[in-house]
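S.K.: Sequence and computational prediction follow.
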Amino acid sequence: MKAKWTILITALFMLGTALAQEGVGWETLTTEQQRVLDRFSGDWDSMPAERQQRLATGAERWLGMSADERGAAQQRFERWRNLDGERRDLIRERWRIYRDLPPEDRDRIRQNYRDFQRLNQDRRQELRDRWRSMTPAQRERALDRMRDRPRPRPNRRD
């Protein structure tokens, strides 16, 4: 009996792997997804399965956005397209580093970013100027202090 389950599980795993390698068929996309991805229709069958999946997921996400969200996404995409290749490579590398951090470090970085965004424009510029004027050793010490600093928890009463 145990052997039958092992064979069944192995067969299901192999089927799932085979389907993932095949990618997403154009005909399996919804009409709305096809409309969003129309410019890829001619090359769709020759695309790697991973890219097909990313595009299909992106189209579904796009369709779920409001008009304002779509406008903001288009602006971000235009800014990205206008960056030079070196800058895009740097951003991709920083994303890979961030993605590989432990969850608590990612949470700390997100919280620091939110705190920074809450500051008024003058204070943010002051901090940027101070950062730019630091030596690499001073920057490293500042980062170490930020890493070691416990985050105060807001008092909440239920």
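M.R.: In hand now; what should we look at? Residues are numbered from 1 along each chain as shown.

S.K.: need the contact list for the residue nearest to the spatial centre of the chain.
M.R.: In the chain, the centroid-proximal residue (Cα atoms, centre = their mean) is Trp95; its distance is 7.7 Å. Applying Cβ atoms under 8 Å, 6 or more residues apart in numbering to Trp95 gives no contacts. All C-beta atoms are positioned from the backbone trio N, CA, C, and that covers glycine.

S.K.: and stretch 22-29, how far apart are its ends?
M.R.: Start-to-end span of stretch 22-29 (Cα to Cα, to the nearest Å) is 14 Å.

S.K.: coming back round to it: following the chain past the helix or strand containing the residue nearest to the centre of the chain, name the next helix or strand.
M.R.: Trp95 belongs to helix 85-99 when elements are defined using DSSP states H and E. Moving toward the C-terminus from helix 85-99, the next helix or strand (DSSP H and E) is helix 103-118.

S.K.: got the angle for that next one vs helix 85-99?
M.R.: Using axes from the mean of the first three to the mean of the last three Cα atoms, to 10 degrees, one finds that helix 103-118 and helix 85-99 are set 120 degrees apart in direction.

S.K.: Quick one: name whatever helix or strand follows helix 103-118.
M.R.: Next along from helix 103-118, by DSSP H and E: helix 121-133.

S.K.: tell me the mean pLDDT for that next one?
M.R.: When pLDDT is averaged over helix 121-133, the result is 94.

S.K.: by contact count, what packs against that helix?
M.R.: The contact analysis (3 or more Cβ pairs under 8 Å, 6 or more residues apart in numbering; DSSP states H and E) places helix 121-133 against no helix or strand.

S.K.: Can I get that helix in CSV? Just the C-alpha atoms.
M.R.: Output in CSV follows, covering the C-alpha atoms of helix 121-133 (Å, rounded to 0.1, in the frame of the first residue of the first chain):
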residue,chain,number,x,y,z
GLN,A,121,10.7,67.4,3.1
ASP,A,122,13.3,69.6,4.8
ARG,A,123,14.2,67.0,7.3
ARG,A,124,14.5,64.3,4.7
GLN,A,125,16.8,66.5,2.6
GLU,A,126,18.9,67.3,5.7
LEU,A,127,19.4,63.5,6.4
ARG,A,128,20.2,62.9,2.7
ASP,A,129,22.8,65.6,2.8
ARG,A,130,24.3,64.4,6.0
TRP,A,131,24.5,60.8,4.6
ARG,A,132,26.2,62.0,1.4
SER,A,133,28.8,63.9,3.4
